[in-house]
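# My questions concern the predicted model and sequence given below.
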Amino acid sequence: MTSPFDSGDRRRPRDVLYMAAMAAVQRNAEMAAFYGRFVGKEKKHRVATVAVMRKLVALANALLRDGCRWEECRPA
């Protein structure tokens with residue numbers, strides 16, 4: 001019998017991204033403002049959270065592409 005978590009499951013990465021998004025909204029002013037814009041437009045909290053998750057993935061990909069660290073890539 002196979003487990004539903006054996007292959008092709010996205011639950012673990014989604015859970016990790018969710019927790020990272022929640023931490024980012026609480027600790028990062030830019031992410032909090034981004035999240036707040038969605039909630040201010042009367043979007044559901046889940047929609048705003050998924051938008052933050054997608055933004056985190058895009059930022060991580062950009063950092064990997066450019067080969068730099070978060071602190072080094074921040075605009076002056």
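Happy to help now that I have it. Numbering: from 1, shown residues only.
# got any ranges where this structure has weak pLDDT?
Applying pLDDT under 70 to the chain picks out residues 1-8, 72-76.
# How is residue 9 assigned, secondary-structure-wise?
coil (DSSP: H, G, I helix; E, B strand; the rest coil).
# Return the distance of it relative to residue 65.
27 Å (C-beta to C-beta, to the nearest Å). For every residue, glycine as well, the C-beta is placed using N, CA and C.
# repeat for residue 46
Note on residue 46: its distance to residue 65, by C-beta to C-beta, is 29 Å.
# still on that earlier bit, higher neighbour count, residue 9 and residue 65?
residue 9 (11 against 8; other C-beta atoms under 10 Å).
# The residue nearest the centre of the chain sits in which helix or strand?
By C-alpha atoms, centre = their mean, the chain has its centre lying nearest to residue 53, at 2.4 Å. Assigned by DSSP states H and E, residue 53 belongs to helix 45-66.
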